[in-house]
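1. here's a sequence, model it:
(2 chains)
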Amino acid sequence: MITLESGSFAYDDGPTLLPDVTLAVGPGEYVIVAGASGSGKTTLARLLAGQTGGDAGSSFRGAITLDGETVRFDGASTDPRIDAAAWSARVAYVAQGGWGQLSMMSATVGEEIAFGPANRGVPAGELRRLVTEVAAALRLTDLLHRDPRRLSGGQLQRTVIASAVVQRPRVLVLDEPFQGLDDDAAQDVAAALAGLRRDGTGVVVCEPMLPRTAPQGARVLALAEGRRVFDGPLVEARRAGLPRYGIGTAGDPPRPEQGAGPAPVDPSAPELVAVARVSFRHAHDGGGPAGDAPDGHAPDGGRAGGAGLSGVDLSVRAGEIVAVRGPNGSGKSTLLQHLNGLHRADAGAVTVGGLPILRQPTGTLAATVGYLFQDTDQQLFERTVLREVAYGPRAAGLAKDDAARRAVEVLEAMGLGSLARSHPYELGFVQRRLVAVACLLATGPPVWVLDEPTAGLDGPTRSMLAGLLVQRAGEGGAVVLATHDASFADAVAHRTVWLEAGRVRTGDAAPGA
Amino acid sequence: MPRRRIYDPLTELLAAVLLVVLVLVVNRWEFSLAVLVLGVLPAVLLSGRPRQIGLAIALVTGPLLVSSLLLHGLFFPEGRTVLADLGIARVTAEGLSFAALMGLRMGVFSGVLLTAAMTLDVPELLASMTHRGWNRKLVFVVGSAVGLIPHVALRGQRITRAQQARGLVVGRGPLSRFRALLTVLTPLVIGLLVDASERNRMLEARGFSSPGVRTSYLPDTDSPRQRLVRRCMVAAVAVFSTVWLVASP
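-> Modelled structure (predicted):
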């Protein structure tokens, strides 16, 4: 149905990727393209989606065959251009990061899902039927009237997938579709994909790790540093020694270099985070256009999860790592943003590092609490990586040169030294996330608050992050992380707090492993 | 609460544009003032977000008013009635009245257009244009232009939040807020440019450039009566303008 024969691909003057890689996907097939950061899986996904990059200075040599029609590329300026509209009617592509894929022309989730078919002139009645059907399959029915820009990360991800599924494409290419989804949502997405495959759609899923479960007969194409390292059934891939290429299996515990898990917490250690009976309601969560909030303030920076908080208590001591878990939209991000003052409680009290969060400006808390946003793109705003990492130390009062020196030290320590002059937008997903973590390290606050820190990370980076968290706690810091990554939480956290619809589920404050 | 929508967005947008045309054609300060007081002011107050719209109008009109007052109030060449002689500059009654005319006119322009743009339900406008069978690229251009303000505001808020989370202190004073605004500008502009290029690719991938007629998920809020009203409005303004321009000396 679709066959990609790649001779080579190069971005501008970058290294050659995907030499002699061939991928053929037949009707109803399920192919996993697995690879660590920088392996070329996103490049491969884009090629399948017809984005050969000829207009962006990239050079692709090879051929793509779709339904018997072959388009050849020689890496020259005379290469044919793929008609994106016609191609995308048959090959749907869901890239990473939900926010960037919203049309920004829809006020509701329903319109957003309908955007693709509406572009192709599907009649209104049929449009409504398709949207209702897909929304039911992905449990989005209750969200159909909501503003897509104000969803939680997991809800947004499901909306973006629904927008692709609704097009009933011949081939569906998804770049890390399960990122940031809770278990139920991941199952819904898997079921929707199974439904498409029954109707003959070929599905290609890019993942940083091998999935724990996958449909029967799933095939794996494993990539490392732009080259093919394995091609075959998933069962064989599990025995093929792929971890040496940084391709682990999802759900495996991280393996920090230090090896050991977190040290026991000293019960007499000072309490660094104290949340007492906190309740909170989002100011606005209607279906109106963005910026329509009564105070002109988008809750959660435009991604309120729906649930507020209701009488939440949380206490974290120095040296302790606490995981906050719960379904998509249960209020995890909302709780986390109370810890650095981005949200202020309607009732109850929040104290961080001995500092009660009252009416002081949010920025004054940054030296005490470091925050990692769920959406890294929301976090990075400077024009070079160096300036980005030096921003925190500068804001904390360091002189410009000292801040730059501190940033360089941290970047070198994390192996990102060569990227110092790059623009954060030029980096891959994992590198951007590492830059965001480097920002935390450079500022050096005692309390770290991390929203879905492992989403989309490959095995080695995930293990490195585990090491950094354990190290932070070992140095007397406190770490609070919201995550769907059960094995990561079990490996690094001392205990887990469960949230459900904005409340702490009692009787569940079980210790981690 | 945002106001309840009574008319189709196309009707509202057209009414705003025709009002601007009328102000230009009539060209009298009394008329501009009447439109400002009887039209723009109630519309802003009833919009459900008078604070933001008022601020936007002040930001756009304020500097224009000041420069118009300085330019025409002090250096109006046809000024005869001198109120104060300041050497190289003369404050004249004619200059001041001209400045008032220009200022009022600019006030009406920005008031009418900003109120319309900031209260319009953009997706509903796009749906309405789609139902009318307008060219989809034109729909997109209009949608992007009208939807730019809320989009930029949202994006700016996200960057400010990230900066605050990383140590940018925004105080309550106007100076501190102004500094925060400057800090947000560079990343905002870069972010919007990156957004624009990625959005183009994303729109292509979702079939936006497909040939043929586009359909709409939203029901049509337009009605034959409103279409008739729109045609009548255009005709009435055209007739009035012709008569006015021919009849006036």
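2. what segments of the stretch 101-250 of chain A are strands?
-> A:171-175, A:202-207, A:219-224, A:227-233 (DSSP state E, counting those that start in this stretch).
3. would you tell me which of those gets closest to B:Ser209?
-> strand A:171-175 (19.2 Å; C-beta to C-beta). Heads up, the C-betas are built off the backbone N, CA and C, glycines and all.
4. need the strands of the stretch 101-250 of chain A in CSV (columns: distance to A:Trp99).
-> Formatted as CSV, the strands of the stretch 101-250 of chain A follow (distance: least, C-beta to C-beta, whole Å):
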stretch, distance to A:Trp99
strand A:171-175, 14
strand A:202-207, 19
strand A:219-224, 26
strand A:227-233, 31
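5. any idea which of the ones you listed gets closest to chain B?
-> Of all the strands of the stretch 101-250 of chain A, strand A:171-175 sits nearest to chain B, with 10.1 Å by C-beta to the nearest C-beta.
6. tell me if the closest one is near chain B.
-> No: applying C-beta under 8 Å from any C-beta of the partner chain, one finds strand A:171-175 separated from chain B by no less than 10.1 Å.
7. partners of that strand, with directions?
-> Note on strand A:171-175: by DSSP bridges, its sheet partners are strand A:91-94 (parallel), strand A:202-207 (parallel).
8. for chain B, what are the low-confidence residue spans?
-> For chain B, applying pLDDT under 70 flags the ranges B:1-5, B:147, B:249.
9. name the residues that touch stretch A:491-508?
-> A:253-254, A:256, A:261-262, A:265, A:280, A:307-314, A:320-327, A:330-332, A:334-335, A:466, A:469-470, A:481, A:489, A:509-513 (C-beta atoms under 8 Å, 6 or more residues apart in numbering or on different chains).
10. show residues contacting stretch A:453-463.
-> Residues from elsewhere that reach stretch A:453-463 (C-beta under 8 Å, 6+ apart): A:35-37, A:96, A:153, A:176, A:179-180, A:208-209, A:243, A:246-248, A:252, A:254-257, A:372, A:374, A:429-430, A:433-434, A:437, A:465, A:481, A:483-485, A:488.
11. if you set the cut-off to 6 Å instead, what comes out?
-> A:36-37, A:176, A:179-180, A:208-209, A:246, A:248, A:254-256, A:372, A:429-430, A:465, A:481, A:485, A:488 (C-beta atoms under 6 Å, 6 or more residues apart in numbering or on different chains).
12. now the residue lying closest to A:Met104 once chain neighbours are set aside: which helix or strand?
-> Distances taken as C-beta to C-beta, 6 or more residues apart in numbering or on different chains put B:His151 closest to A:Met104, at 6.2 Å, once the chain neighbours are dropped. Applying DSSP states H and E as the criterion places B:His151 in helix B:136-165.
13. residues near the closest residue to A:Val369 other than its chain neighbours, how many?
-> Nearest residue to A:Val369, sequence neighbours excluded (C-beta to C-beta, 6+ apart): A:Asn340, at 4.2 Å. Counted with other C-beta atoms under 10 Å in any protein chain shown, residues neighbouring A:Asn340 total 25.
14. what sits against A:Asn340?
-> Counted by C-beta under 6 Å, 6+ apart, A:Asn340 has contacts A:Leu365, A:Val369, A:Tyr371, A:Val449, B:Ala165.
15. the second one reaches A:Val447, doesn't it?
-> Yes: under the contact definition of C-beta atoms under 6 Å, A:Val369 touches A:Val447, with a separation of 4.7 Å.
16. name the residues contacting each of these two.
-> Contact criterion C-beta under 6 Å, 6+ apart; residues shared by A:Val369 and A:Val447: A:Val352.
17. neighbour count winner among the two?
-> A:Val369 (28 against 23).
18. give the contact list for the more buried one.
-> Residues in contact with A:Val369 (C-beta under 6 Å, 6+ apart) are A:Leu339, A:Asn340, A:Val352, A:Pro445, A:Val447, A:Val449.
19. and A:Val33, which of the three is it?
-> strand (DSSP: H, G, I helix; E, B strand; the rest coil).
20. give me the secondary structure label for whichever residue of chain B sits closest to chain A.
-> Chain A sits closest to B:Gly167 of chain B, with a gap of 2.7 Å, by C-beta to the nearest C-beta. Three-state assignment for B:Gly167 (three-state DSSP): coil.
21. how much space between it and A:His423?
-> 21 Å (C-beta to C-beta, to the nearest Å).
22. and the helices in chain B?
-> Taking DSSP state H, the helices of chain B run over residues B:9-26, B:29-34, B:41-46, B:50-74, B:93-119, B:122-131, B:136-165, B:174-205, B:224-247.
23. mean neighbour count, those: which tops it?
-> helix B:122-131 (a mean of 23; mean count of other C-beta atoms under 10 Å in any protein chain shown).
24. so it, near chain A or not?
-> Yes: contact between helix B:122-131 and chain A, assessed by C-beta under 6 Å from any C-beta of the partner chain, occurs at B:Val122, B:Pro123, B:Leu126.
25. can you get me a residue count around B:Ser248?
-> Using other C-beta under 10 Å: B:Ser248 sits among 10 other residues.
26. swap that for A:Ala399, please
-> Neighbours of A:Ala399 using other C-beta under 10 Å come to 10.
27. give the contact list for the residue of the stretch 401-513 of chain A found nearest chain B.
-> For the stretch 401-513 of chain A and chain B, the shortest gap (C-beta to the nearest C-beta) falls at A:Tyr425, measuring 5.5 Å. The contact partners of A:Tyr425, taken as C-beta under 6 Å, 6+ apart, are B:Val194.
28. the same query, at a cut-off of 10 Å, please.
-> A:Asp377, A:Leu380, A:Arg383, A:Arg432, B:Ile190, B:Gly191, B:Leu193, B:Val194, B:Glu198 (C-beta atoms under 10 Å, 6 or more residues apart in numbering or on different chains).
29. skip the chain neighbours and tell me the closest residue to the second one.
-> Setting aside the residues directly before and after it, A:Leu380 is nearest to A:Pro424 in space (C-beta to C-beta, 6+ apart), at 4.2 Å.
30. so the one you found makes contact with A:Thr376?
-> Yes: contact criterion C-beta atoms under 10 Å: A:Pro424 and A:Thr376 qualify, at 8.6 Å.
31. ok, residue 130 - contacts?
-> If you meant another chain, say so; for now it's chain A. If you count contacts by C-beta under 10 Å, 6+ apart, A:Leu130 has them with A:Ile113, A:Ala114, A:Gly116, A:Pro117, A:Val122, A:Val165, A:Val166, A:Gln167, A:Arg168, B:Tyr217.
32. correction: the question concerned chain B.
-> Counting by C-beta under 10 Å, 6+ apart, B:Thr130 has contacts A:Ala118, B:Arg136, B:Val139, B:Gly143, B:Val213, B:Arg214, B:Thr215, B:Ser216, B:Tyr217, B:Leu218, B:Asp220.
33. try it again at 6 Å.
-> So B:Thr130 contacts B:Arg214, B:Ser216 (C-beta under 6 Å, 6+ apart).
34. sounds good, over and out.
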